[in-house]
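Participant: Got a predicted structure plus its sequence, pasted below:
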Amino acid sequence: MTTVDLESTAGRSYPARRTTFNLVGGASPVDSDHFSLGYVVLDANGGQVPWHNHEQEEIYFILEGTGQMCVGDEIVELHGGQMVHIPSLAFHQLTNTGDEPLRMMYCYAPAGDVLHWRQELAGTLPRAGVDVPALPAGAAEQHTGTF
C-alpha cells in the first residue's frame, strides 16, 4: 500500500500564482500509467491555471473558493463542491475570482506531465488570441508566465 501525505509533499509554484501538488502519475510520489491526480491552490484574487489545452481528458473538482472557468467558448462561475469536465484538446483556463485561495483537485488520463507546466515555467506559454485561439469574451486575462 502506498500512502501520500499532502503536508509532506513538495508543491511546484508557477508564475500564474498557483501551487500544484502532483500526487499520482507524472512527477509524483505514486507512479501510474493510466491517470494523474493532483491538488492545486490558486492564490486569492487572480491566481490561475492559464489558457491551454492538451490531449488528456480532465476534470477539475473545486474543493473551496470561487473561480471563473473557461472551456472552449464557454464561461461559468464555479464554487466549492462543483466539478467541470474538460474534453480532450479543449482549451481551458481557471481563474480565482475570490478573496480567499481556491483549492481544487484535478484528474486526467492518460498520466504524464502536461506541456503547459513546462511552458509556463519557461515563459513560453502560447498567448490566447495570438498563438492559440482567443479566450471567450468576458474571460479573465491569461497569465502567460512572462509578467
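Facilitator: Alright, I've got the coordinates.

Participant: Who is residue 74 paired with across the strands?
Facilitator: Using DSSP bridges, the bridge partners assigned to residue 74 are residue 71.

Participant: Using the three-state scheme, assign residue 121.
Facilitator: Under DSSP: H, G, I helix; E, B strand; the rest coil, the three-state class of residue 121 is helix.

Participant: Residue 7 now?
Facilitator: Per three-state DSSP, residue 7 ends up helix.

Participant: what about it, how many residues close to it?
Facilitator: Residue 7: 5 surrounding residues under other C-beta atoms under 10 Å. C-betas here are computed from N, CA, C, even on glycine.

Participant: Distance of it relative to residue 21?
Facilitator: Here residue 7 is placed at a distance of 10 Å from residue 21 (C-beta to C-beta, to the nearest Å).

Participant: and if you look at residue 90?
Facilitator: Residue 90 is 24 Å from residue 21, by C-beta to C-beta.

Participant: same check, this time on residue 126
Facilitator: Look at residue 126 and residue 21: by C-beta to C-beta, they are 25 Å apart.

Participant: Compute the distance between residue 51 and residue 14, please.
Facilitator: 14 Å.

Participant: And these two? Which one has more around it.
Facilitator: Each of residue 51 and residue 14 has its neighbours counted (other C-beta under 10 Å); residue 51 has more, 28 against 22.

Participant: Contacts only, for the more buried one.
Facilitator: Residues counted as contacts of residue 51 (C-beta atoms under 8 Å, 6 or more residues apart in numbering) are 70, 91-93, 128, 132, 135, 142.

Participant: same question, residue 132
Facilitator: 51-53, 91, 126.

Participant: buried sites along stretch 104-113?
Facilitator: 104-109, 111-112 (16 or more other C-beta atoms under 10 Å).

Participant: ah, wrong one, I meant stretch 120-139
Facilitator: Here stretch 120-139 shows 120, 125-126, 128, 135-136, 139 as buried, counting by 16+ other C-beta under 10 Å.

Participant: before we move on, what about stretch 31-42?
Facilitator: Neighbour-count burial for stretch 31-42 flags 32, 35-42 (criterion: 16+ other C-beta under 10 Å).
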